[in-house]
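Student: this one's sequence-less:
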Ligand SMILES: O=C[C@H](O)[C@H](O)COP(=O)(O)O
Ligand SMILES: C=C(OP(=O)(O)O)C(=O)O
């Protein structure tokens with residue numbers, strides 16, 4: 001018989017069930033309480049019931065958990081200093097969407113060598129999330145593969161659907177069942193339409209194909225996620241953090257029947273992917289909020305121990321510790337200065 005299926009499949013390795021990994025690498029009672037409380041606080045800030053400002057900050061991607069743990073310790077101390085004004089949530093990004101190809105993140109390739117040991121990646125992701133939580137810091141991530149949330153979402157307080165996937169029905173359906181507040185980014189073109197449509201779609205009940213806690217393919221029906229919002233990240237035609245772009249975004253939200261609340265990403269196309277430009281963008285966002293624009297409820301910064309990024313792939317022993325292998329980040333000293341100044345201004 002002529003073979004008609006799996007012509008392009010090289011391997012298909014079963015994973016442990018999400019329920020198994022959740023029980024093997026479980027959250028403590030204290031961590032569970034932090035996740036529950038921070039999800040409510042984040043939602044209250046985003047939907048303008050809490051006057052504080054939300055800041056999602058951390059590395060573009062986690063590729064070196066040991067250096068990122070040092071980063072998390074510093075961030076935890078800083079978050080305590082500013083907690084009356086700013087709720088800090090650490091970017092703990094394990095999945096990277098690629099424009100064409102490239103390293104797809106710690107879950108897909110934890111050894112950074114193309115061996116793609118996903119089981120190890122999922123376990124490392126859960127272990128790292130627990131470390132961050134044990135420092136008292138809530139966690140934020142981009143959810144990219146629709147099966148990933150089953151394995152890690154119980155340890156996450158805020159999530160994003162990225163610019164490349166806000167228009168995807170699969171991601172909107174997934175978002176409709178997630179238990180945490182979630183931001184949809186504007187499209188890479190700069191258009192807001194995909195994100196506002198996504199917020200509407202994700203707030204509705206949806207039925208779709210998914211995976212159960214036992215790892216069985218299933219028909220999933222969701223209730224709809226009422227805590228979705230817009231993230232402005234700039235686009236092909238330039239940034240969208242300026243006053244005019246934010247007021248246009250608010251008009252679009254209003255016309256779509258959505259609450260006027262935006263998180264503004266100071267990285268990505270809003271800084272032309274240049275870390276040197278990120279501080280001025282962040283300062284501008286904070287200044288707009290201080291000047292009275294209450295629709296700006298949060299911001300995002302890509303930050304690591306060391307500024308910039310480094311080429312990857314390259315021999316692993318030549319990687320500099322604490323420097324991004326994906327997008328450029330601001331360094332720790334700059335992060336600390338920006339956060340302290342923002343707290344003083346707010
Ligand atoms: O935030 C990270 C990157 O901008 C995103 O993953 C796309 O990366 P790429 O354009 O280098 O593939
Ligand atoms: C990939 C990211 O952002 P965007 O979807 O805006 O490119 C990110 O925040 O890591």
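Tutor: Nice, I can see it. Small disclaimer: the values here were computed from a predicted structure and weren't measured. Ligands and ions are numbered 1, 2, ... in the order given.
Student: contacts, neighbours, all on C-alpha from now
Tutor: OK.
Student: Might you report the residue contacts of the one residue in the chain that gets nearest to ligand 1?
Tutor: In the chain, no residue comes nearer to ligand 1 than residue 98, which is 3.3 Å away by C-alpha to the nearest ligand atom. Contact partners of residue 98, counting by C-alpha atoms under 8 Å, 6 or more residues apart in numbering, are residue 104.
Student: quick one: it from residue 269, how far?
Tutor: As judged by C-alpha to C-alpha, to the nearest Å, residue 98 and residue 269 stand 15 Å apart.
Student: same thing with residue 143?
Tutor: 20 Å.
Student: More neighbours: those two, which one.
Tutor: Taking neighbours as other C-alpha atoms under 10 Å, residue 143 and residue 269 compare with residue 143 leading, 25 against 22.
Student: pLDDT value on that one, please?
Tutor: The per-residue pLDDT reported for residue 143 equals 98.
Student: try residue 137
Tutor: pLDDT, read off for residue 137, is 98.
Student: quick check, the residue of the chain closest to ligand 1 in a strand?
Tutor: No. Under the criterion used here (DSSP: H, G, I helix; E, B strand; the rest coil), residue 98 is coil, not part of a strand.
Student: What are the buried residues along the one helix or strand residue 66 maps to?
Tutor: Using DSSP states H and E, residue 66 sits within helix 65-82. Residues 65, 68, 69, 71, 72, 73, 75, 76, 78, 79, 82 are the ones in helix 65-82 that count as buried (16 or more other C-alpha atoms under 10 Å).
Student: So residue 141, which state does it fall into?
Tutor: strand.
Student: could you measure the residue of the stretch 1-150 of the chain found nearest ligand 2 against residue 41, distance?
Tutor: Residue nearest to ligand 2 within the stretch 1-150 of the chain: residue 60 (5.4 Å; C-alpha to the nearest ligand atom). Going from residue 60 to residue 41 by C-alpha to C-alpha gives 24 Å.
Student: These two: which is more packed in?
Tutor: residue 60 (25 against 19).
Student: hang on, isn't that one packed against residue 300?
Tutor: No. Contact criterion C-alpha atoms under 8 Å: residue 60 and residue 300 do not qualify, at 10.6 Å.
Student: Output the set of residues of the stretch 51-200 of the chain in proximity to ligand 2.
Tutor: Counting by C-alpha under 6 Å from any ligand atom, the stretch 51-200 of the chain comes close to ligand 2 at 60, 97, 162, 163, 164.
Student: Tell me how many other residues surround the residue in the stretch 101-250 of the chain positioned nearest to ligand 2.
Tutor: Relative to ligand 2, the nearest point of the stretch 101-250 of the chain is residue 162 (3.3 Å; C-alpha to the nearest ligand atom). A count of neighbours around residue 162, defined by other C-alpha under 10 Å, yields 23.
Student: and if you look at residue 47?
Tutor: Count around residue 47 with other C-alpha under 10 Å applied: 19.
Student: and what of residue 337?
Tutor: Residue 337: 11 neighbours (other C-alpha under 10 Å).
Student: Which strand or helix spans it?
Tutor: helix 332-345.
Student: ok, residues contacting that helix?
Tutor: By C-alpha under 8 Å, 6+ apart, helix 332-345 touches 71, 78, 82, 85-86, 279, 282-283, 286-287, 290, 303-307.
Student: Please repeat the previous calculation with a cut-off of 10 Å.
Tutor: For helix 332-345, the external contacting residues (C-alpha atoms under 10 Å, 6 or more residues apart in numbering) are 52-53, 55, 57-58, 71, 74-75, 78-79, 81-86, 88, 278-280, 282-283, 285-287, 289-290, 301-307, 322, 329, 346.
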